[in-house]
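**Student:** Give the three-dimensional model of this entry:
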Amino acid sequence: LANIHANIYYSESNDLQECIKHALSSNRKYALIQKPGHRVSHDTCFHLIEQAESSPNTAMLCHIVDNDAKSRTHLKRNWYSIHPQMMFLNLEIYKDIHCPDLHTSFNLTTEELYEPERCVEDFHDDYTPLWLKPRDYKLKMKEIEKGTRMGWGWNFLNAVFKYGYNVEGFNLKIRESKEFYYLDEVQQDKELLNEMESKVRYQNSLTTRGYSSKLYAFNSEPYPTEMPNNNFYKLLERIDAPKQFDNYVILSAGFAGNHILKTFNYSGKENVIFYDISGPSLSFKRLLPEHWNPKKQTFKDIFNKLVNIKFTDNTNNQDSIIEFCDDIGEFDELWKEECVRWGGLENFVQHWKTFVKNKQQHEYWRWDILNNHEGWQVNKINKLTGNTFIWVSNVYANEFTLWEYKNYSNIFKQLKKLISNLNDRVHVYGFLPDIKLDDDDSEQIYNSFGRKILKGKIHTKKFLQENINIPTKSFCILPWIHMTSSVAGWYRVCCDSNKNLRGDNTKNLKDDANKDALHANLASIKDAFYSSEMDDIRKQFLNNEKPKICSTCWKREDMGIASLRIAMNGRFADNINSLNSKEPKLKYLDIKYDNKCNLACRMCSAGSSDQHQKELLIQVNDDKRIPNHFDYGRYAKNDRYKKQMSDRLSFRAEKPFLEQDVISAIPELEVLKVTGGEPTVNHKFLNAVDYAIKNDYAKNIVLDLTT
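**Tutor:** Okay, the predicted model is just below:
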């Protein structure tokens with residue numbers, strides 16, 4: 001899987017067509033195509049590869065949508081489509097089907113559709129099939145008329161089925177590693193609440209962030225099925241977010257705005273401003289409080305009444321509600337779902353009475369989502385009396401269209417301008433994207449619902465759950481299987497360890513700081529691996545202690561960042577489950593033979609390139625200027641350090657045991673990691689490779705190189 005991982009083209013662009021173009025020119029096997037700002041973990045990538053490799057006839061892994069499912073009829077779209085937030089495309093198959101556009105039009109434009117075989121099972125709802133496969137039957141034009149409203153990506157799917165390939169939905173592992181937590185996950189998990197509370201509090205404590213308004217990342221998806229009496233969300237309660245306001249400014253679809261009003265204790269006395277992107281839907285919202293009594297009329301009844309009304313919205317955009325109605329469909333079914341969300345019709349009616357009674361204080365504004373933060377009428381919002389609530393979650397509503405038309409990043413820029421221009425009486429709530437606030441990127445808004453914030457703790461928790469045989473919670477497998485050696489010749493438990501291993505059979509090697517450290521000039525790999533200090537470290541792990549030498553991992557995990565410990569425990573889980581704690585076996589070597597290299601890259605140093613070492617020695621001895629990014633550069637003008645620097649740059653660790661040590665370890669090795677220097681010009685490394693091949697050990701060993 002790791003080798004295939006290197007054969008993926010990762011794409012993130014403001015232009016969807018550019019994503020495809022670059023993926024095809026990369027000559028890789030797969031392309032992970034995702035909308036800008038969408039993040040996936042390495043675990044997700046491995047799950048994608050695993051699923052794709054097990055399905056060689058599958059053109060794409062994606063979120064498949066069955067628009068003919070019963071629960072989707074109100075959308076008035078037909079056949080199958082793709083939810084394009086993330087797509088894993090097999091580029092070899094894509095070329096074989098002549099590289100069709102992923103999306104051309106929402107209207108049927110072809111003469112025939114290739115009807116697929118649909119799996120019986122769904123992932124969750126009735127519109128989420130697990131897979132679609134080709135079959136001979138074609139839908140003729142008489143069955144679906146030309147011009148019929150279709151979903152995103154229908155033409156790509158049609159080409160896939162025409163040439164005999166499949167599409168698959170994401171499996172459970174991939175779906176569980178989604179970018180953002182849903183509300184219910186957070187409400188029930190104290191650890192998540194603690195983490196998100198600290199993140200939001202930190203966000204609002206910044207004094208140099210360039211904006212005055214308060215920010216609260218707030219995920220309303222999906223909205224709770226029933227409205228509880230005490231309906232203020234736990235996260236908002238924890239961060240002391242205001243519960244009630246003098247003004248409510250809401251961008252929302254359908255009755256989501258009314259849900260938000262209910263959640264934030266709307267009393268019927270406050271000013272309410274509804275934004276909408278669509279002129280017809282904006283006017284429809286404005287007409288409902290004037291004409292609808294939900295206790296006496298169904299939603300379908302009021303729609304039939306309003307459909308005959310011609311109107312002009314408040315931005316002079318001439319639109320008829322008749323155009324809006326084409327997208328509605330089965331109102332009675334929709335209304336039943338809405339009543340469930342409100343916990344019954346009576347709850348909604350009670351809210352609606354309060355809402356309608358206050359209709360003279362309602363305003364309806366058209367929002368220019370693409371180009372102009374002034375479309376929010378920022379100055380007017382700032383002049384509102386008292387505290388103002390502003391809800392921006394639905395900035396995501398048109399993200400796929402924006403992506404396709406190369407305008408995705410602009411919405412972030414406009415939102416940034418909006419936030420920067422609001423005053424300190426405005427409280428911004430919503431499912432916010434990550435937005436850089438300053439030109440130097442020193443301050444940034446982070447979405448507290450992003451899984452990436454808790455990646456390390458998720459991995460830790462998940463690992464402990466999946467590996468019931470792990471000896472202790474603090475356990476790390478590396479001391480039982482691994483050893484690393486630096487260019488200078490010092491041994492360490494791993495590359496993230498903060499100190500060199502120490503032993504009794506060493507002497508001062510011109511380095512007072514490391515006078516007792518195990519060194520490859522005097523000690524073999526086995527001397528280090530079976531040393532008394534390594535035994536002490538293993539005992540600490542078995543006693544559920546946290547060795548100080550491993551502080552890097554502890555600090556990373558405390559911050560919620562994935563650590564090397566967790567990564568290696570996951571990678572070598574089989575070794576843990578079969579571990580004999582009293583018999584460590586060397587299976588993983590991380591070796592730097594020396595700094596021999598054929599290049600002197602600008603980002604490198606003398607420690608990893610003998611070309612740099614030679615040049616720096618000349619510079620030091622000739623009293624020439626050394627760039628400050630080299631460690632020696634900061635001290636080059638000080639005579640006190642000149643001889644010491646010259647000695648260090650002249651010193652080469654011979655490490656007489658190392659080459660043979662590696663060869664001796666090869667029969668038991670599972671991983672050989674070699675950096676340098678440049679491994680491929682180093683005869684010591686090449687000798688080890690030749691030995692592994694000649695003696696038939698190569699098939700058992702993964703090579704991990706920096707070259």
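
**Student:** Quick check: which ranges of the stretch 151-300 of the chain have low pLDDT?
**Tutor:** Low-confidence segments of the stretch 151-300 of the chain (pLDDT under 70): 177-186, 203-204, 206-213, 217-232, 277-278.

**Student:** mind running it again at 90?
**Tutor:** 151-152, 171-244, 250-265, 274-288, 290-291, 294-300 (pLDDT under 90).

**Student:** Buried ones in the longest helix along the chain, by neighbour count?
**Tutor:** Scanning the chain for the longest helix, with DSSP state H as the assignment, gives helix 190-205. The neighbour-count check on helix 190-205 (16 or more other CB atoms under 10 Å) flags 192-193, 195-197, 199-200, 203 as buried. From N, CA and C alone the C-beta is placed, and that goes for glycine too.

**Student:** Turn those residues into a markdown table, including distance to Gly386.
**Tutor:** Converted to a markdown table, the buried residues of helix 190-205 look like this (distance: CB to CB, whole Å):
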| residue | distance to Gly386 |
| --- | --- |
| Leu192 | 33 |
| Leu193 | 29 |
| Glu195 | 32 |
| Met196 | 28 |
| Glu197 | 26 |
| Lys199 | 28 |
| Val200 | 23 |
| Gln203 | 23 |
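
**Student:** Does anything pack onto whichever helix or strand comes after the longest helix of the chain? Which helices or strands?
**Tutor:** Going down the chain from helix 190-205, the next helix or strand is strand 214-217, by DSSP states H and E. In terms of contacts (3 or more CB pairs under 8 Å, 6 or more residues apart in numbering; DSSP states H and E), strand 214-217 is packed against helix 190-205, strand 426-430.

**Student:** Which other helices and strands does the following helix or strand past strand 214-217 contact?
**Tutor:** Later in the chain than strand 214-217, the nearest helix or strand by DSSP H and E is helix 234-238. Where contact means 3+ CB pairs under 8 Å, 6+ apart, helix 234-238 is packed against helix 183-187, helix 190-205.

**Student:** Redo those as a markdown table? Include distance to Phe88.
**Tutor:** Output for those, formatted as a markdown table (distance: least, CB to CB, whole Å):
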| stretch | distance to Phe88 |
| --- | --- |
| helix 183-187 | 24 |
| helix 190-205 | 28 |
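
**Student:** close enough to count as contact, Lys140 and Glu112?
**Tutor:** Yes - between Lys140 and Glu112 there is a contact at 6.3 Å, judged by CB atoms under 8 Å.

**Student:** The closest residue to Leu658 other than its chain neighbours: what's it in contact with?
**Tutor:** Counting by CB to CB, 6 or more residues apart in numbering, Leu658 lies nearest to Ala520, which is 5.1 Å off, once chain neighbours are set aside. Contacts of Ala520 were listed using CB atoms under 8 Å, 6 or more residues apart in numbering, and they are 485, 489-491, 653, 655, 657-658.

**Student:** Flag the least confident of these.
**Tutor:** Here the lowest pLDDT out of the contacts of Ala520 sits on Ala653, with 67.

**Student:** And for Gln611, the neighbour number?
**Tutor:** Other residues near Gln611 come to 17 when the count uses other CB atoms under 10 Å.

**Student:** sorry, back to before: so which of the helices and strands packed on strand 214-217 is nearest Lys21?
**Tutor:** Closest to Lys21 of these is strand 426-430 (CB to CB; 33.5 Å).

**Student:** Each with direction, which strands does that closest one pair with?
**Tutor:** Strands that pair with strand 426-430, judged by DSSP bridges, come out as strand 214-217 (parallel), strand 388-391 (parallel).
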